[in-house]
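Colleague: below: sequence and its predicted model.
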Amino acid sequence: MPLPPAGSRPARPLRPQEVRLDGTDRAIVAALAEDARVSNKALAERVGIAQSTCLARVRALRESGVIRGYHADIDPRALGHDLQAMIAIRLQPGARRAMAEFTAALVRCPEVLEVYFVAGANDFLVHVATSSTDELRRFVGEHLNRDPAVAGTETNLIFEHTRAGRPA
């Protein structure tokens, strides 16, 4: 199913996996992934389309959920959070009914950068950043391991993070 024309609304919201991207859409997404602050004029020039077409395409990509948002990628170390970790969390079998509430509580924690719901032995991977090992231990011990919904955790320190390149 191709993207809807600009200004039109589908009967039900499209899910990103239901949207077929053509070469122009892919070029727009790749350019925005490289620099989300690029102006519409520069983006249109880079992709080789009219500015009005570019604006309509970007709007359709946002409305369909392909573009989920724009944000600044802040290095946690600049904020004094020198220690990062990935924490695998396994929930108690009975707690799986409340995964949405558990996720909502996690994302409210200032230490939490990202939450991934995953398949396998664990239910979540949580990317956290703290100022020290003491703060990490406090977060895991007091916030996670004391939660009756949590069956277990495994913490892996992140020594280095390299962001992948542009989407294909």
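Modeller: That came through, no problem.

Colleague: tell me which residues touch Val66, please.
Modeller: Taking CB atoms under 8 Å, 6 or more residues apart in numbering as the criterion, Val66 is in contact with 16, 19, 21, 25, 29. The way it works is simple: take the backbone N, C-alpha and C, and place the C-beta from them, glycine included.

Colleague: distance from the helix or strand hosting Ala88 to the middle of the chain?
Modeller: When elements are assigned from DSSP states H and E, Ala88 belongs to strand 83-91. Mean C-alpha position of strand 83-91 versus that of the full chain (CA atoms, centre = their mean, to the nearest Å) differs by 16 Å.

Colleague: what helix or strand is the closest residue to Asn145 other than its chain neighbours on?
Modeller: Distance criterion CB to CB, 6 or more residues apart in numbering; nearest residue to Asn145, sequence neighbours excluded, is Thr153 at 6.2 Å. With elements delineated by DSSP H and E, Thr153 resides in strand 150-158, which encompasses its position.

Colleague: one more: Ala30?
Modeller: Secondary structure (DSSP H and E) places Ala30 in helix 23-34.
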